[in-house]
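Enquirer: got a predicted model here, sequence first, then my questions.
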Amino acid sequence: MERVAVIDFETTGLSPAMGDRATEIAAVILEGGRVVDRYQSLMNAGVRVPAHIEALTGISNAMLREAPPASDVMRAVADFVGDSPLVAHNAAFDARFWDAELARITRKRQQEFACSLLLARRLLPQAPSHKLGALIEFTRLPVAGRYHRALADAEMAASLLLRLEAELVARHQVAEVSHALLRTIQAAPKHQLERCLARHRQAAPADA
DNA sequence: TGCCAGGCCCTCTTTAGGGCCTT
């Protein structure tokens, strides 16, 4: 797979349209099947963290008072990932915050998101849950740190993505996994997954 | 203080409802 950036936001809530803001961002760069670079920062957007969110993430108002401005962090992380295709767990959520925070610094996303949650639903349908933590446990991947902190969650989503890539190659005989193929798979209706994968299989001797 | 959204996907569906995920 080409170079991709796996990102994760911590935020004050679920919806930027309702006034929620990002509090932490992490980006993990995958290249050649391994992590080659990382970025992580708390970010001060000048809003208060609700108590139930602080309990969930461990990110407090006191921590954010010491953090760099959200605008500085978004410029830095956008430059860090460049035009690499993006991946996130439940990407619809992270894409909304990514786009909303970029808009505040008058920048626009240039690349597409792929979603490890939708991919896991397709490729690991037998998992009891498709929450990030449940998938890490199900696949016996290492826990990278505290759940609901940006870098730990981004690292674990990156590990999961590599596992899904390996699954495509070993179990489904996909010749080459690209970000574009991941987006095709996640968007394929379940009953058409096999047909979708068949088009990307390595040429077997019987096919020659 | 507590609340809020939105897309995917299943089913006792499609003229809909509700669970799963993200914080």
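Expert: Perfect, thanks for sending it. Numbers count the residues shown, from 1 in each chain, chains lettered A, B, ... in the order given.
Enquirer: now stretch A:100-111: buried residues?
Expert: Neighbour-count burial for stretch A:100-111 flags A:A100, A:E101, A:L102 (criterion: 16 or more other C-beta atoms under 10 Å). For every residue, glycine as well, the C-beta is placed using N, CA and C.
Enquirer: neighbouring contacts of that stretch?
Expert: Residues lying outside stretch A:100-111 but in contact with it, judged by C-beta atoms under 8 Å, 6 or more residues apart in numbering, are A:16-17, A:21-22, A:70-71, A:74-75, A:78, A:83-86, A:95, A:98-99.
Enquirer: show only the entries of those residues found in helices.
Expert: Secondary structure defined by DSSP state H assigns A:A70, A:S71, A:M74, A:R75, A:A78, A:A95, A:W98, A:D99 of these to helices.
Enquirer: tally of neighbours for the fifth one?
Expert: If I follow you right, that is A:A78. Taking other C-beta atoms under 10 Å as the criterion, the count of residues near A:A78 is 19.
Enquirer: ok, now A:R75?
Expert: The number of residues near A:R75, taken as other C-beta under 10 Å, comes to 14.
Enquirer: rewinding a little: pull out the buried residues from the contacts of stretch A:100-111.
Expert: Neighbour counting with 16+ other C-beta under 10 Å marks A:P16, A:R21, A:A22, A:A70, A:M74, A:A78, A:S84, A:P85, A:L86, A:A95, A:W98 as buried within these.
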